[in-house]
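Pasted the sequence and its predicted model underneath.
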Amino acid sequence: MDATHDGQDLQARDLQGLDGLVTPPFSRRGFVMTGLMTGLTLATTRVEAQVIHTDETGIEAGEVRIPVGDGPMPAYRAKPQGKGPFPVVLVVEEIFGVHDYIKDICRRLAKAGYVAVAPELFARQGDVSKMTDVQEIVREVVSKTPDAQVMGDLDASAAWAASEAGGDAGRLGITGWCRGGRTVWLYAAHNANLKAGVAWYGNFGGTRTPIQPRTAADVITEIRAPVLGLYGAADSGIPVADVEKARDAAKAAGRTVEFEIYPDAPHGFHADYRPSYRKPAAEAGWSRMLDWFKAHGVA
C-alpha cells in the first residue's frame, strides 16, 4: 500500500491536527474485520493458567461499533454501571488485535471507575484473529496501518465514549502496550485535549515510511500531555539507553514525563497470557498508571 493510493476518500477535516503523521493525499479502505476476535491471539506462545480473568460485576462490558468515516469500527467497551460521566481511557492494543487480554484490561479499568474503549485499529488492514505468524502480522497488517488513520480512529473513539458511553470528554487518558505504547507517544503529540498517557514498553525507533513518517522518538519533544513510560530493563528490543535518551530529550524540551524501568523485566512483562509476564512489575506498573491518571486530571 502507498500513501497516494490509500486515501482518496478521507475528508479534509480528518487531516486537521495530523501534520507530520500523514503525507496527503490519503485514503481509507473497507473493513476486513467487522467484529472482534474471540479468545487469545494465536500468534504467540500462551500460558493459559496464569491468565487474569476480570468479571463484570458492577460494570457493563461488551463489543460495540464506533462510527468512523468509512463504516462502523469494531471495539470493546467496559464502563462502571450508572450514567456517569466517567473519565475515559483509550486502550491501545498490541500488534495482536483486541483479543481477550485487551478486553480484560478494559474491564479492570472499568472496575477502577473509567470508561475504557479499545478500538480494533487494524480492522481495515487485515484479520489478525486468523494469523499465527508474528512476522506476517507486522508485514501485512502493522506496517500497512497509517499513523494518521490510527490518530483519527482514536479521536473517533474518544468522541464516541463521551457521546454514547457516559464518558467525560474533559477527562481523557490513553494507555497502550508494545505497539500501542508507541501509539501513546504519537497520540500525546496529536491530541491537545488529552490529559495524560501511559506507554507500556513502546518502541522509540523503527522504520519511517510515507504512512508512518515519524517515530516515537521524533515526537517525544512535542507531546502535549504528561506521559508515563513503563519499561523493562531486560527488554532486548528496547535498550535502557534508548529509554534514557528519550527521557532526557523530553525533559530538555520541557515536557512532563516520568519513566519506570523495572529490573529483570522483559518486553511484554504485563502480558499475563505470555511467558514474558512478570507479576511484580505488572502490578507495580498498573498501580503507577492509576496514580498517574489521578495526578494529571483523568480520574
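Received the coordinates, thanks. Numbers count the residues shown, from 1 in each chain.

Would you check how far apart the residue nearest to residue 237 when sequence neighbours are not counted and residue 181 are?
Once flanking residues are discounted, residue 237 sits nearest to residue 267: 5.5 Å by Cβ to Cβ, 6 or more residues apart in numbering. Yep, even glycine has a C-beta here, placed from its N, CA and C like the rest. Residue 267 is 10 Å from residue 181, where distance means Cβ to Cβ, to the nearest Å.

In terms of neighbours, single out the busier of those two.
residue 181 (26 against 19; other Cβ atoms under 10 Å).

For the more buried one, list the residues it contacts.
92, 199, 200, 201, 202, 203, 229 (Cβ atoms under 8 Å, 6 or more residues apart in numbering).

What of residue 51?
By Cβ under 8 Å, 6+ apart, the contact set of residue 51 is 40, 100, 101, 104, 272, 273.

If you count neighbours, what's buried in stretch 130-145?
Buried residues in stretch 130-145, counted by 16 or more other Cβ atoms under 10 Å: 131, 137, 141, 142, 144, 145.

List the contacts of that stretch.
Taking Cβ under 8 Å, 6+ apart as the rule, stretch 130-145 contacts 1, 42-44, 95-96, 121-122, 124-126, 128, 179, 209, 211-212.

And the residue nearest to the spatial centre of the chain, how close does it get to residue 111?
With distances taken as Cα atoms, centre = their mean, residue 92 lies nearest the centre of the chain, 2.0 Å away. Distance, residue 92 to residue 111, using Cβ to Cβ: 19 Å.

next one: residue 35
Between residue 35 and residue 111 the distance is 25 Å, computed by Cβ to Cβ.

next one: the strand or helix carrying residue 139 to chain centre, how far?
Assigned by DSSP states H and E, residue 139 belongs to helix 134-140. Centroid separation between helix 134-140 and its chain, computed with Cα atoms, centre = their mean, to the nearest Å, is 18 Å.

So what touches the next helix or strand after that helix?
On the C-terminal side of helix 134-140, the closest following helix or strand by DSSP H and E is helix 147-164. Outside helix 147-164, the residues within contact range by Cβ under 8 Å, 6+ apart are 14-15, 17-18, 21-22, 26, 28, 64, 66-69, 73, 75, 77, 85, 88, 90, 92, 115, 117, 119, 121, 124, 167-169, 172, 174, 183, 186-187, 190-191, 193, 211-214.

which of those residues are buried?
When the contacts of helix 147-164 are checked against 16+ other Cβ under 10 Å, the ones flagged as buried are 14-15, 18, 21-22, 26, 28, 64, 66, 68, 73, 75, 77, 85, 88, 90, 92, 115, 117, 119, 121, 124, 167-168, 172, 174, 183, 186-187, 190-191, 211-214.

Give me the subset of the residues you listed lying in helices.
183, 186, 187, 190 (DSSP state H).

The nearest residue to the last one once chain neighbours are set aside: how many residues sit nearby?
Read that as residue 190. Using Cβ to Cβ, 6+ apart and skipping the chain neighbours, the partner closest in space to residue 190 is residue 151 (4.9 Å). For residue 151, the tally of surrounding residues (other Cβ under 10 Å) stands at 22.

Please apply the same query to residue 252.
9.

mind listing what the spatially closest residue to it that is not a sequence neighbour touches?
Distance criterion Cβ to Cβ, 6+ apart; nearest residue to residue 252, sequence neighbours excluded, is residue 221 at 7.6 Å. Going by Cβ under 8 Å, 6+ apart, residue 221 touches 249, 250, 252, 253, 255.

For the residues you listed, give me CSV that also has secondary structure, pLDDT and distance to residue 286.
Below are the contacts of residue 221 laid out as CSV (DSSP: H, G, I helix; E, B strand; the rest coil; pLDDT from 0 to 100; distance: Cβ to Cβ, whole Å):
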residue, secondary structure, pLDDT, distance to residue 286
249, helix, 98, 27
250, helix, 98, 23
252, helix, 98, 29
253, coil, 98, 28
255, coil, 98, 23
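
And those, which is closest to residue 81?
Nearest to residue 81 among these, counting by Cβ to Cβ, is residue 255 at 36.8 Å.

Could you pull up phi and psi at the residue nearest to the closest one when sequence neighbours are not counted?
Closest residue to residue 255 apart from its sequence neighbours, by Cβ to Cβ, 6+ apart: residue 223 at 5.2 Å. The phi/psi pair for residue 223 (degrees, to the nearest 10) reads phi -60, psi 140.

and residue 223, how many neighbours?
Using other Cβ under 10 Å, residue 223 is surrounded by 23 other residues.

hmm, back to that, hmm, the residue nearest to residue 237 is touching residue 201, no?
Yes. When contacts are counted by Cβ atoms under 8 Å, residue 267 is listed as touching residue 201 (5.5 Å).

Appreciated, that's everything.
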